[in-house]
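Asks: How does the following fold in three dimensions:
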Amino acid sequence: MTAAHEIASLLDRLSRLHGTGRRAAGLNPAQASALDYLARANRFSRTPSAVADYLSATRGTVSQTLKSLAAKGLAEEGPGGSDRRSRRYDLTPQGRAVADALDATPPVDLPDRQMEDVRDALQQLVRGMIKARGGRSFGLCRSCRHHRTSAQGAHCALLDVPLQDEETTQICQEHESGSAENTQADGCDAGGR
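Replies: Have a look, this model is predicted:
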């Protein structure tokens, strides 16, 4: 077995083990992933199409998943912006509590330095897979080339809107890599929430 094949098998197994732990919250793996994404995404990136792009899922599957989260009281559907047809899903306080509880316990008990090494390696894998498939980075707002900071606060130059402080540490579907020293292009920054 090649190293690449073994990595792929380990990632698949890791994903399944991780999903099993999340089922305890009464969520299937798709619901848990969507909930996690909504908890980490900024207000511009909580549309069904953004969730589908991030999760590499079909829009139909994601639409049903988001509706199920809304039916459970974990998310609420609302207007997505100036286009009346556009929809956005925001977490309810109960949804935020469930999302926080899912991440309250680390998946494994490793020393901090080893956890950081694993995180960094996984980020590199995700970046490589996204690049190879031509996907969007969904990186942190503060690492985007459109992010600006002034005396008035943070601002998105692409959308020409002011940003709330917490949005600068959230992931965005419009992300484009900024300078090399501050880029976390995969949306997997440990401080993303």
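Asks: Run a quick neighbour tally on the nearest residue to Ser63 once chain neighbours are set aside.
Replies: Spatial nearest neighbour of Ser63, chain neighbours left out: Pro48 (5.2 Å); criterion: CB to CB, 6 or more residues apart in numbering. C-beta: built from backbone N, CA, C; applies to glycine. By other CB atoms under 10 Å, the residues close to Pro48 number 23.
Asks: can you pull the contacts of Pro48?
Replies: Applying CB atoms under 8 Å, 6 or more residues apart in numbering to Pro48 gives the contacts Arg59, Val62, Ser63, Leu66, Arg87, Tyr89.
Asks: and with 7 Å instead?
Replies: Residues near Pro48 by CB atoms under 7 Å, 6 or more residues apart in numbering: Arg59, Val62, Ser63, Leu66, Arg87.
Asks: where's Ala154 relative to Asp160, distance?
Replies: Distance, Ala154 to Asp160, using CB to CB, to the nearest Å: 13 Å.
Asks: same deal with Ala39?
Replies: Going from Ala39 to Asp160 by CB to CB gives 26 Å.
Asks: neighbour-wise, which of these two wins?
Replies: Neighbours were counted for Ala39 and for Asp160 using other CB under 10 Å; Ala39 has more, 20 against 8.
Asks: pretty sure the more buried one is touching Asp90, no?
Replies: No - in this structure Ala39 lies outside contact range of Asp90 using CB atoms under 7 Å: 10.2 Å.
Asks: Residue ranges in the chain under the pLDDT threshold?
Replies: Flagging of the chain using pLDDT under 70 yields the residue ranges 21, 24, 81-83, 104-106, 178-193.
Asks: if we go to 50?
Replies: Where the chain drops to pLDDT under 50, the residues are 179-193.
Asks: how about the helices in it?
Replies: Secondary structure of the chain by DSSP state H: the helices cover 3-22, 29-40, 48-55, 59-71, 93-102, 112-133.
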